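Visitor: predicted structure and sequence below. I'll ask about it afterward.
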Amino acid sequence: EADGGDRDKTSVPPHASTASSTPTFAHSPLQASPVPLPNQRVIRADAERTRGDPKTVERLLTHFCHFSDVKYKQGLNELLAPFLTLDYKPIIREEFEPAEEDKAKDAAYQELVAYCCFDEFLKKFLPTNVYSDDGFASLQCCFRLYRLLLLYHDPNLCKLLDGHRFPPELYASGWFLTLFSQRLDMDDLWKWWDLYVLYDEPHLHHFVCLRLLVRGSDQINEAGEASLPVVL
């Protein structure tokens, strides 16, 4: 259900299987150890601070950067972590039919499906690929669109933030780089992400962020300029 209902949050959400063409294990590129990247130390440090097994997080992030031809940036670790918390056994049984006694291969299947879901989710809901350019030009486009939405729906709030020289770059970077995965616990995060997949609208996140900001407009209006970073 859209609100999560009574389902087990550790199992894959009914609509979160976003990998449209999951490869078979025999052809999985995740079997090999990835070649270290120039900024591998940064990936390893972020993996240590990320939910999940640090070695798995580091390895999958390294694979992702190689296969997607992107330079690792902080935030990818937070986007990957939720997919490593799910139980993909129903998908594995349907797609791969692994031997029940082969626990090592079962774990490899789990990683493969988690990786594919992570990869497809980013392609769908970060359509401008904010991680693909060194200068974050795509992220700047997200901020411009977001500010225009705010200007249209709540011009007074937009004027207030502009007057305090407080653009989206100063408070919304984490919202767009991690789709809330950095701030929310898993239960709440999957409720949001389930809705994203259900509505299947790549720019829905912009409107969710807009609604969250507008809902707190009274508190923002009452806060002084110095308190804005704390309020937001």
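Guide: Noted; the coordinates are in hand.

Visitor: enumerate the positions of the biggest helix by length in the chain that are buried.
Guide: When the chain is parsed with DSSP state H, its longest helix is helix 103-125. Neighbour counts using 16 or more other Cβ atoms under 10 Å place 106, 108-122, 125 of helix 103-125 among the buried residues. All C-beta spots, glycine's among them, are computed from the backbone N, C-alpha and C.

Visitor: tell me the helix or strand right after that helix.
Guide: Counting by DSSP states H and E, the next helix or strand C-terminal to helix 103-125 is helix 137-153.

Visitor: other residues contacting that next one?
Guide: Identification of contacts with helix 137-153 by Cβ atoms under 8 Å, 6 or more residues apart in numbering yields 128-130, 132, 157-158, 161, 167-169, 172-173, 176-177, 203, 206-207, 209-210, 213-214.

Visitor: helices or strands next to the helix or strand harbouring residue 189 in the packing?
Guide: Residue 189 belongs to helix 186-199 when assigned by DSSP H and E. Counting contacts by 3 or more Cβ pairs under 8 Å, 6 or more residues apart in numbering; DSSP states H and E, helix 186-199 is packed against helix 103-125, helix 204-215.

Visitor: do that again at 7 Å, thanks
Guide: Contacts defined by 3 or more Cβ pairs under 7 Å, 6 or more residues apart in numbering; DSSP states H and E place helix 186-199 against no helix or strand at all.

Visitor: rounded mean pLDDT for it, please.
Guide: For helix 186-199, mean pLDDT is 94.

Visitor: ditto for stretch 158-169
Guide: Mean predicted confidence for stretch 158-169 is 94.

Visitor: now find how far off-centre the helix or strand bottoming out on mean pLDDT in the chain is within its chain.
Guide: The weakest-scoring helix or strand in the chain, judged by mean pLDDT, DSSP states H and E, is helix 89-95 (a mean of 74). Helix 89-95 has its C-alpha centroid displaced from the chain centroid by 23 Å (Cα atoms, centre = their mean, to the nearest Å).
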